[in-house]
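Q: After the sequence you'll find the predicted model.
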Amino acid sequence: MSAAEKMMEKMGWTKGRGLGKDEQGMTTPLEVRKDSAGATGKIINARPVFDVSAITSSTGRGLGLGETSEGKSFDPSPTPTRVLLLRNIVLAGGVTEATEDQVADECEKYGDVVRVLIFEITEDGFAIDEAVRIFTEFVDEEAATRALENLHGNVFANRVVKASYFDVKKFEAGDLGPQEGEL
């Protein structure tokens, strides 16, 4: 944690959340980047944070695998695979050029990532928080399981992340759209 993050934390800031009553303000501290000569620099926003640390709900309990922010149990998938489906990270229309890299960087904390694919469902009537589907393929099931255990149920940009295993054959075939029962 940087010195700026520590100072902001003392003033009530939490990683991944904006400053202010409605959390609409800055989500990252400012930092100084020195130029190549090292004599001068400029002030910039720190790299965006994808917070998956143990954030507590209003009841004070941690949000981990098997719980959502409402405390309801959730079975992410009956069969582990090396592919994860992440939902509710970005709303429909909110994907940026940096989204794929940010997700890959975060997921690499749990194991080697083969690739990240972002698929947006554009069908009418599909839930806005479910429309952007981020698929992360890991080298093995163990890495995918570690990522699922750490990502599912945590809060990112005031949204609860939904992580689940995804069928490898469907992933490899490019069948990334809504599955049976989702429409």
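A: Thanks, I have it.

Q: use CA for all of it now, contacts and neighbours both
A: Fine.

Q: okay, the helix of greatest length in the chain in PDB with CA atoms only?
A: With secondary structure taken from DSSP state H, the chain has its longest helix at helix 141-151. Below are the C-alpha coordinates for helix 141-151, written out as PDB (Å, rounded to 0.1, in the frame of the first residue of the first chain):
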ATOM      1  CA  GLU A 141      -8.700 -25.600 -12.500                       C
ATOM      2  CA  GLU A 142      -6.800 -24.800  -9.300                       C
ATOM      3  CA  ALA A 143      -6.000 -21.300 -10.400                       C
ATOM      4  CA  ALA A 144      -9.600 -20.800 -11.500                       C
ATOM      5  CA  THR A 145     -10.800 -22.100  -8.200                       C
ATOM      6  CA  ARG A 146      -8.500 -19.700  -6.300                       C
ATOM      7  CA  ALA A 147      -9.800 -16.800  -8.400                       C
ATOM      8  CA  LEU A 148     -13.500 -17.800  -7.900                       C
ATOM      9  CA  GLU A 149     -13.000 -18.000  -4.200                       C
ATOM     10  CA  ASN A 150     -11.500 -14.600  -4.000                       C
ATOM     11  CA  LEU A 151     -13.600 -12.700  -6.600                       C
END
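
Q: Tell me which strands the next helix or strand after it pairs with, and in which orientation.
A: Next along the chain after helix 141-151, taking DSSP states H and E as the criterion, comes strand 155-156. Paired neighbours of strand 155-156 in the sheet (DSSP bridges): strand 159-160 (antiparallel).

Q: Flag every buried residue along the longest helix of the chain.
A: In terms of neighbour count (16 or more other CA atoms under 10 Å), helix 141-151 has its buried residues at 141, 143-145, 147-151.
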